[in-house]
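1. Using only what follows, build the 3D model:
(chains A, B, C and D)
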There are 2 protein chains.
Amino acid sequence: MGVTKTQIFTAEQNELATILKVLGNPARIAILQHINNQKDCICNDIVEEIGLAQPTISQHLKELKSIDLIKGEISGKRVCYCINQKKWQEILVLLNDFFDKTNLNYC
Amino acid sequence: MGVTKTQIFTAEQNELATILKVLGNPARIAILQHINNQKDCICNDIVEEIGLAQPTISQHLKELKSIDLIKGEISGKRVCYCINQKKWQEILVLLNDFFDKTNLNYC
DNA sequence: TTTATATATCGCAATATTACGATAATAAAT
DNA sequence: ATTTATTATCGTAATATTGCGATATATAAA
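-> Numbering: from 1, shown residues only, chains lettered A, B, ... in the order given. Okay, here's the model as predicted:
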């Protein structure tokens, strides 16, 4: 079917999975790293930095925005992207929670 | 095309993305949580616990095994699954590294 | 006002993922 | 030896994802 059966899982499970899914792509990892390697909010030299077409980058940025992980601010004919610090911290907490709780049964 | 262009990214970016992609599914999140809620390595009451068909669970377990995050030990006609503690810790380090380093530029 | 630049959206092709029924494989129980 | 139970694999349908060319949109520059 290709559809994830979200109904049978908790909101927390779905939320965590959605976030990790968005993060689970090398282009989006690279974009996040690139944004953070700049001192200020950077605009789309991302396209030149990463070897993907402009529409593709734009789409990846959209997905990162969909989980509120980055913000884009219009500045003239450009758009400046930066990390949403608040969300970033929230995700860190979610992940540490998950990794702490699921750490009892091992072999 | 549907294919991720892994060639243009670093091994580290691809590795992290692969791990996060495997984790980015609610069924696999639920499976990991369930394995850890048991005291001992448990076998496929997972199928009963989570509302997915047995082949589907088996496939998800395979993906979790593909990144070495869980181990399956044959025990009679059953297979006992448990977390690979070593890998689990490695992933934690990877994630914390990523989240620490990419934490400078925000808005 | 025309042109250039930057970004987003549309539409599509190729491939990947999710899920499951059918079935195989294996071991325990009878 | 046959049956039952547990898990894995195969094949397939439905849907999602990745990537890009073409094009729209919007602002800056000329």
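2. hang on, isn't residue A:91 packed against residue A:70?
-> No - counting by CB atoms under 8 Å, residue A:70 is not a contact partner of residue A:91; they are 11.9 Å apart. No exception for glycine: its C-beta is placed from N, CA and C like everyone else's.
3. Look up how far residue A:35 lies from the spatially most central residue of chain A.
-> Geometric centre of chain A, nearest residue: residue A:64, 4.2 Å, by CA atoms, centre = their mean. Distance, residue A:64 to residue A:35, using CB to CB, to the nearest Å: 9 Å.
4. intersection of neighbour lists for those two?
-> Here residue A:64 and residue A:35 have residue A:70 as joint contacts, going by CB atoms under 8 Å, 6 or more residues apart in numbering or on different chains.
5. number of nearby residues for the spatially closest residue to residue A:63 that is not a sequence neighbour?
-> Leaving out its chain neighbours, the residue that sits closest to residue A:63 by CB to CB, 6 or more residues apart in numbering or on different chains is residue A:22, at 5.4 Å. Neighbours of residue A:22 under the rule other CB atoms under 10 Å in any protein chain shown: 20.
6. Mind giving me the packing neighbours of the helix or strand hosting residue A:22?
-> Following DSSP states H and E, one finds residue A:22 within helix A:11-23. Secondary-structure packing of helix A:11-23 (3 or more CB pairs under 8 Å, 6 or more residues apart in numbering or on different chains; DSSP states H and E): helix A:54-66, helix A:85-101, helix B:11-23, helix B:26-37.
7. okay, stretch A:19-39 in CSV with CA atoms only?
-> Output in CSV follows, covering the C-alpha atoms of stretch A:19-39 (Å, rounded to 0.1, in the frame of the first residue of the first chain):
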residue,chain,number,x,y,z
ILE,A,19,10.8,14.5,12.5
LEU,A,20,13.3,11.6,12.0
LYS,A,21,12.0,11.0,8.6
VAL,A,22,12.6,14.6,7.5
LEU,A,23,16.1,14.4,9.0
GLY,A,24,16.7,11.0,7.3
ASN,A,25,18.0,12.4,4.0
PRO,A,26,21.6,13.3,3.3
ALA,A,27,20.6,16.4,1.3
ARG,A,28,18.7,17.8,4.2
ILE,A,29,21.4,16.9,6.6
ALA,A,30,23.9,18.8,4.4
ILE,A,31,21.6,21.8,4.2
LEU,A,32,21.3,22.0,7.9
GLN,A,33,25.0,21.7,8.4
HIS,A,34,25.6,24.3,5.7
ILE,A,35,23.1,26.8,7.3
ASN,A,36,25.0,26.4,10.6
ASN,A,37,28.4,26.8,9.1
GLN,A,38,27.5,30.3,8.3
LYS,A,39,27.7,33.1,10.9
